[in-house]
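Novice: A predicted structure for the sequence below; I have some questions about it.
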Amino acid sequence: MPSFDHDYELRRFAPEIVDGAATPATAGWVAAERLAFHETHHDDPETVAAEARRMITDDRELTGVYARETRPGTLGADQPVGTFVSFTKTLNVGGGRLVDAHLISDVTVRPTHRRRGILRRMMTGDLHRAAERGAAVAALTATEATIYRRFGFGPATRQRTISMSKREPLKLLTSSRGTVELADPTTLGPVAEAVFDAFHARTTGSVDRHAGHWSRMLAGVDYGTKPDPNLRAALHFSPEGTPDGYVTYRSAERGDDVVLTVVDLVTASDDAYLGLWELLASIDLVTEITWKAAPIDDVLVHALADNRHLTVAREQDHVWLRILDPVAALEARPYAADATVTLRVHDRLGLADGTFRLTASGGDGTVERLVGPDGDPAQGADVELDVSVLASCYLGGSDVVTLAAAGLLHEHAPGAVQRLRTLLTPERSVYGVTSF
């Protein structure tokens, strides 16, 4: 039977622009990625170059898997049958501590080339290379929930899609102490970035933003160069006059209704969150408000005078984490109590496999890797779990007691799960608004 290397060639390269145009390799990779996600592809050089510039800004590394043999009339040799991209942004692991995370995105395999080891070759090779470079954690956002657990990823943050009816007036029980002003989304960039930086610094689970995400949130541009003329924006100012929140939104008719869709809502204070929702609730000629990135623990449930106006249409996983170095990852985050717990971690890829003693004191943790006399992982662990489960509870977004009840985490010492639960309690609800 032919091997992977017989049928395919894996190439890693940086996106490039030469004489104002994306190189053929870059343009072919972009075309393949757009095709896989059922997105419109434009062949004009300016549009493709704009996408390449965003990738260059983020210092992305592109991976493409190319068929060694192409047949007449098919998409051709410039387009890979599998795509994969990786780059680095920071992850807030609690207490304002920002850790470099190895981000993975644009993972595709052409349907005509499935079940031939393409995804496994791209993913395992990339994870091992990231670990060798010293990355403590990797992260991705998934279009499907059943793909990445086998590679050691676990869902670590979640979001909700919410809608609120405005057929009756929406009222909040309290008012913001600040003020709100409408803004021009095309000139909002520097202010929005400063607000996001403050949000990122205070929010456990937040991932720093990349150039493509900013284009979608502030210009409505998913691919190309032309901003969405229907996008609107507003800023919230603290009582001292400092911008501490913003929202971008658009509205559209849907039958007899007018639906306002929140595109991006980022706040660096609780006042700003309430103030921007006061504005959205007051906009005339709107019958419904929707948002796909609301927090799980949403203060609107308590702030609305009648929270029956709020409907949760869907709850979904958002950021999936993968622990590459348990010692570095566990020592990077803060802890809510003083205690010691020994963890037996299983990892089929071998990157994080072992037994680790976590000792937390004064908010910081130290981790010791335990090895038995014959070189095998030490016995006597308090808690046993897969590396994907460790990823899910790492930030505190998934309760270890609930994970244990689901059969995903096993207690070997009485009280160990409760100790671990106390240790991992986050100071704020785990949340994030960056997709990648």
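Specialist: It's in.
Novice: Just list whatever residues bridge to Asp100.
Specialist: Thr90 (DSSP bridges).
Novice: Distance of it relative to Ala136?
Specialist: Shown here: Asp100 relative to Ala136, a distance of 8 Å by CB to CB, to the nearest Å. To be clear about C-beta, it is placed using only N, CA and C from the backbone, and glycine gets the same treatment.
Novice: Ser215 falls within a strand, correct?
Specialist: No - counting by DSSP: H, G, I helix; E, B strand; the rest coil, Ser215 is not found in a strand; it is helix.
Novice: Could you measure from it over to Ala50?
Specialist: Distance, Ser215 to Ala50, by CB to CB: 9 Å.
Novice: quick one on the thing from earlier: looking only at neighbour counts, state which of Asp100 and Ala136 leads.
Specialist: In terms of neighbours (other CB atoms under 10 Å), Ala136 is the more surrounded of Asp100 and Ala136; the figures are 23 against 16.
Novice: That one touches Leu321, doesn't it?
Specialist: No - using CB atoms under 8 Å as the test, Ala136 is too far from Leu321 to be in contact (10.2 Å).
Novice: Next up, the contacts around the nearest residue to Ala416 once chain neighbours are set aside.
Specialist: Once its chain neighbours are removed from consideration, Ala416 has its nearest residue in Asp382; the separation is 3.6 Å (CB to CB, 6 or more residues apart in numbering). The neighbourhood of Asp382, defined by CB atoms under 8 Å, 6 or more residues apart in numbering, consists of 341-343, 411-413, 416, 419-420.
Novice: Any idea how many residues pack against Val137?
Specialist: Counted with other CB under 10 Å, the burial measure for Val137 works out to 25 neighbours.
Novice: my guess is it meets Ile104, correct?
Specialist: No - look at Val137 against Ile104 with CB under 8 Å: they stay out of range, at 11.2 Å.
Novice: And for stretch 168-186, what's in contact with it?
Specialist: Under the criterion CB under 8 Å, 6+ apart, residues 164, 191, 218-220, 227, 231-239, 244, 246, 248, 271-272, 274-279, 281, 302-306, 309 lie in contact with stretch 168-186.
Novice: Check stretch 61-79 too.
Specialist: Under the criterion CB under 8 Å, 6+ apart, residues 6-15, 24-29, 31-32, 35, 55, 80-87, 109, 113, 118, 121-122, 126 lie in contact with stretch 61-79.
Novice: PyMOL command for the buried members of the residues you listed?
Specialist: With 16 or more other CB atoms under 10 Å as the criterion, this PyMOL line picks the buried residues out of these:
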select buried, resi 7+8+10+15+25+26+27+28+29+31+32+55+80+81+82+83+84+85+86+87+109+113+118+121+122+126
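Novice: Helices - which of the contacts of stretch 61-79 land there?
Specialist: Among those, the members found in helices (DSSP state H) are 6-7, 24-29, 31-32, 35, 55, 118, 121-122, 126.
Novice: From His128, how far out is the nearest residue to Ala27 once chain neighbours are set aside?
Specialist: Closest residue to Ala27 in three dimensions, ignoring its sequence neighbours and counting by CB to CB, 6+ apart: Val48, at 5.1 Å. Taking CB to CB as the measure, Val48 falls 31 Å from His128.
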